[in-house]
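Novice: Next come a sequence and a model predicted from it.
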Amino acid sequence: MDDSQFKELVLQQLKILTDGQVKMETRLTKLEQGQAQLVEGQTKLEQSQIRLEQSQAKLVESQTKLEQSQAKLEQRQAKLEQGQARLEKGQKAIHNELKYIWDDIKKLDNRLCAQEEKLARQSR
């Protein structure tokens, strides 16, 4: 192989190496861009996870407050039911008392009617 052929062969191999290096550099740039996008995406995911955890904490807090409110409502309902039972008992007692009062009024009315009849007979 003469000197010119050797130079030609070296130049061809150098061009192949240079072209390969350019392609590798292009791929490396694209990989770096892809990695930057992945890092950005991961950052966004982490931020979203933080917001999600904060929202979850708020939900747990709200649920606790709701449970406490429900317990208070149940206590108030129990007190109302007890009060209603006392009112119904008092109502029955009043009803019984009224029954005895009306019985007494009827007895008095009957006595008065009997006395009026007796007075009417005596005055004749």
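Specialist: On my side now, so go ahead.
Novice: Low-confidence stretches in the chain?
Specialist: Residue ranges of the chain with pLDDT under 70: none are present.
Novice: Using the three-state scheme, assign the most centrally placed residue in it.
Specialist: Nearest to the mean C-alpha position of the chain, counting by CA atoms, centre = their mean, stands residue 63 at 5.3 Å. Judged by DSSP: H, G, I helix; E, B strand; the rest coil, the three-state class of residue 63 is helix.
Novice: what about it, distance to residue 53?
Specialist: The gap separating residue 63 from residue 53 is 15 Å, by CB to CB, to the nearest Å. C-beta here means a position set from N, CA and C on the backbone, and glycine is covered the same way.
Novice: what does residue 103 give?
Specialist: Counting by CB to CB, the gap from residue 103 to residue 53 is 75 Å.
Novice: do the same with residue 104
Specialist: 76 Å.
Novice: just the helices in the protein please.
Specialist: Along the chain, counting by DSSP state H, helices occupy 3-122.
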